[in-house]
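Asker: dropping the sequence and predicted coords here.
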Amino acid sequence: MLDLIILSLLYFVCILISVAIWRGRKDVDLHSSGTGGAETEPDGLVFIGKEEDIKKSQRITAKVDGREIVVFYHEGKFHALDSRCYHEGGPLCRGEIEDIDGQACIVCPWHKFKITLETGEGLYEGINPLEPSPTPKWQSKGVKQRIHKVTVDNGNVYVSPPDLSVSFDSDYYAAKYKNGGELAMGK
């Protein structure tokens with residue numbers, strides 16, 4: 001009987017911990033050096049942060065028109081894209097950057113999908129079964145991830161608001177997580 005009581009208490013504690021984690025802070029960005037709050041300038045550009053701060057942290061997340069984006073500084077260039085992977089909404093701000101066939105790519109931490117920083121193309125390694133000895137080669141799935149234009153002016157980094165007249169696969173998760181959404185950053 002005592003075992004049943006102890007087991008019930010442990011089960012109850014586990015439920016409490018799960019609820020606390022689930023209801024916990026949802027906008028935590030371990031790589032951000034700023035607050036993530038973005039200000040719109042008179043010319044329509046959205047201020048993301050100071051150039052030197054982003055260079056030091058190498059990435060920062062921010063909201064642009066309620067849409068969460070991530071800005072990377074990699075090998076002397078700034079790149080901005082939707083912060084959620086087009087595949088299943090994984091947090092790209094927590095991914096690693098890899099060089100794939102001479103292209104800088106962010107690797108989604110959830111399912112290892114590879115996305116070029118420059119164009120937003122999804123890459124995969126595939127073979128042509130019609131070749132006599134097929135060898136894997138990197139190929140494009142097409143542009144899947146929305147990228148955003150970055151402007152650097154007087155030590156400040158700005159991003160242009162997205163042109164929503166063209167759609168991308170990542171738009172689904174950008175909308176789902178817009179303004180906090182129902183889902184947490186790390187889930």
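Answerer: Done, it's in. Numbering: from 1, shown residues only.
Asker: pLDDT weak spots in this protein?
Answerer: Residue ranges of the chain with pLDDT under 70: 7, 9-10, 13-14, 16-42, 179-187.
Asker: in stretch 66-79, which residues are buried?
Answerer: Buried residues in stretch 66-79, counted by 16 or more other Cβ atoms under 10 Å: 67-73, 78-79. C-beta coordinates here come from the backbone N, C-alpha and C atoms, glycine included.
Asker: and stretch 158-174, by the same measure?
Answerer: Buried residues in stretch 158-174, defined by neighbour count with 16+ other Cβ under 10 Å: 158-159, 162, 168-171, 173-174.
Asker: coming back round to it: got CSV for the buried residues of stretch 66-79, with secondary structure and distance to residue 122 too?
Answerer: Putting these into CSV (DSSP: H, G, I helix; E, B strand; the rest coil; distance: Cβ to Cβ, whole Å) gives the following:
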residue, secondary structure, distance to residue 122
67, strand, 19
68, strand, 19
69, strand, 18
70, strand, 16
71, strand, 20
72, strand, 17
73, strand, 22
78, strand, 21
79, strand, 15
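Asker: including distance to residue 51, could those residues go into TSV?
Answerer: Compiled in TSV, the buried residues of stretch 66-79 are given as follows (distance: Cβ to Cβ, whole Å):
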residue	distance to residue 51
67	22
68	21
69	17
70	16
71	11
72	13
73	8
78	8
79	14
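Asker: quick check: the farthest pair among those residues?
Answerer: Farthest pair in these (Cβ to Cβ) is 67 and 73. Separation: 20.1 Å.
Asker: returning to what we had before: mind picking the two most distant members of the buried residues of stretch 158-174?
Answerer: Among the buried residues of stretch 158-174, 158 and 169 lie farthest apart (Cβ to Cβ), at 25.3 Å.
Asker: tell me the phi and psi of residue 172?
Answerer: Backbone torsions of residue 172, given as degrees, to the nearest 10, read phi -60, psi -50.
Asker: now the strands for the chain?
Answerer: 39-40, 46-50, 59-64, 67-74, 77-82, 96-100, 103-107, 114-116, 121-126, 137-143, 147-148, 150-153, 156-159 (DSSP state E).
Asker: so can I have TSV of those showing distance to residue 11?
Answerer: Shown next, in TSV, are the strands of the chain (distance: least, Cβ to Cβ, whole Å):
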stretch	distance to residue 11
strand 39-40	47
strand 46-50	45
strand 59-64	36
strand 67-74	35
strand 77-82	39
strand 96-100	37
strand 103-107	37
strand 114-116	41
strand 121-126	42
strand 137-143	44
strand 147-148	46
strand 150-153	50
strand 156-159	47
